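Trainee: Fold the following, please.
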Amino acid sequence: MRILVTGGAGFIGSHLIEKLLADNHEVVCLDNFDPFYDKEIKLKNISPFLARNEFKIVEGDICDYALLSHTLEDVDYVFHQAAQAGVQASIKNPIKSHTVNATGTLNLLKAALDSSVKKIINASSSSVYGCVHYLPFDENHPTHPVSPYGVSKLIAEEYCRVFQEIYGIPTLSLRYFTVYGPRMRPDLAISIFTRKALANEHITIFGDGTKTRDFTHIEDIIRANLTALNCGTGVYNIGGGHRVSIQTLAETIIEITGSDTKICYAPAVDGDAEHTFANTMKAEQELGWRPEVSLEEGLKRYVAWVSNYQS
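Mentor: Here you go, the predicted structure:
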């Protein structure tokens, strides 16, 4: 199969490409190398693939409709990972988040109508839930995003749903719950905490540390995407199946690293959800997927990877 991965040079996208190439698929990577974080990190993510005949890199933007139309020629499936990530980034520049995440997804769907694409697997986010009515979140939980990022991802989901209902193009949205693992973005909590702990520098928690998250290892995310190639439609929660406070997360990383670092606190920031926790029963029943990597095991693997990466 010929598969397009948008945002393929990023964290999740590059892991997807690695697995798809290992499974002998042809892969097209579309990425605009946005400087939201260091371009060199993204180039390093895809450097192992550049010598492969089955791999093609297209540098460009999902907001470029003509480029999308050309890139989708002879593509069978699309993993849509391209996005303007980051809650705080969306608060600072909500128009960019909307343009990339909502309009960019609309561009992709429209261009796909005139191609041979059989299915689009869209990367969504637990940020679509926002305000907590009950925990864990199931897919019927009210969506009340508390950031422009969450709004933009919800709009993208709705475009996917409408395009399937009106035009008949199969779509599926996976609502990721805080993904972590090797090659993760450097601005995310687990990445920051790990590097601070290894350097014996103070870890700063924004707020009192009682906010909770459901962290999902990258291996579980990749399995969910690959499973979604052949089954499922609509939206699915993809979470790690555990809920941990930010305080406990920091303490666990300090324990794993054997660090002498201390935890300090700063005022909470706007737009952060209070709690996330995934009910993954729908994914288990319809996709045959369930999380396999525990948080403790995933953190140990990540600490080992960072230690080797920095050495």
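Trainee: any idea which helix or strand comes after the longest helix along the chain?
Mentor: Taking DSSP state H as the criterion, the chain has its longest helix at helix 148-167. Next helix or strand after helix 148-167 toward the C-terminus (DSSP states H and E): strand 171-176.
Trainee: name the helices or strands packed onto that next one?
Mentor: Using 3 or more C-beta pairs under 8 Å, 6 or more residues apart in numbering; DSSP states H and E as the contact test, the elements touching strand 171-176 are strand 119-125, helix 148-167, helix 218-228, strand 234-238. In this view, the C-beta of every residue, glycine as well, is placed from N, C-alpha and C.
Trainee: Ile95 is nearest to which of these?
Mentor: With C-beta to C-beta as the measure, helix 148-167 is the member of the helices and strands packed on strand 171-176 nearest Ile95 (8.6 Å).
Trainee: Can you spell out which helices and strands pack onto the closest one?
Mentor: On a contact count with 3+ C-beta pairs under 8 Å, 6+ apart, helix 148-167 meets helix 87-92, helix 94-97, helix 104-113, strand 119-125, strand 171-176.
Trainee: out of those, nearest to Ile246?
Mentor: When the helices and strands packed on helix 148-167 are compared by C-beta to C-beta, helix 87-92 sits nearest Ile246, at 14.2 Å.
Trainee: can you give me the strands in the chain?
Mentor: Taking DSSP state E, the strands of the chain run over residues 2-6, 26-31, 55-59, 77-80, 119-125, 171-176, 179-180, 203-206, 212-213, 216-217, 234-238, 244-245, 263-266.
Trainee: Adding distance to Glu251, write these out as a markdown table.
Mentor: A markdown table is the format used below for those (distance: least, C-beta to C-beta, whole Å):
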| stretch | distance to Glu251 |
| --- | --- |
| strand 2-6 | 36 |
| strand 26-31 | 36 |
| strand 55-59 | 41 |
| strand 77-80 | 35 |
| strand 119-125 | 26 |
| strand 171-176 | 24 |
| strand 179-180 | 16 |
| strand 203-206 | 9 |
| strand 212-213 | 14 |
| strand 216-217 | 19 |
| strand 234-238 | 26 |
| strand 244-245 | 9 |
| strand 263-266 | 8 |
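Trainee: just to revisit the earlier point, could you dump the helices and strands packed on strand 171-176 into JSON lines with mean pLDDT added?
Mentor: Formatted as JSON lines, those follow (pLDDT from 0 to 100):
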{"stretch": "strand 119-125", "mean pLDDT": "98"}
{"stretch": "helix 148-167", "mean pLDDT": "98"}
{"stretch": "helix 218-228", "mean pLDDT": "98"}
{"stretch": "strand 234-238", "mean pLDDT": "98"}
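Trainee: closest one to Ala199 among these?
Mentor: Comparing the helices and strands packed on strand 171-176 by C-beta to C-beta, helix 218-228 comes nearest, at 23.3 Å.
Trainee: what's the angle between that closest one and strand 119-125?
Mentor: For helix 218-228 against strand 119-125, the angle by axes from the mean of the first three to the mean of the last three C-alpha atoms, to 10 degrees is 150 degrees.
Trainee: Counting by contacts, list what helix 218-228 packs against.
Mentor: By 3+ C-beta pairs under 8 Å, 6+ apart, helix 218-228 packs against helix 11-22, strand 171-176, strand 179-180, strand 234-238, helix 281-287.
Trainee: if I look at the residue nearest to Gly181 when sequence neighbours are not counted, how far off is Glu292?
Mentor: Closest residue to Gly181 apart from its sequence neighbours, by C-beta to C-beta, 6 or more residues apart in numbering: Ile218 at 3.2 Å. Here Ile218 is placed at a distance of 12 Å from Glu292 (C-beta to C-beta, to the nearest Å).
Trainee: Looking only at neighbour counts, state which of the two leads.
Mentor: Neighbours were counted for Ile218 and for Glu292 using other C-beta atoms under 10 Å; Ile218 has more, 22 against 13.
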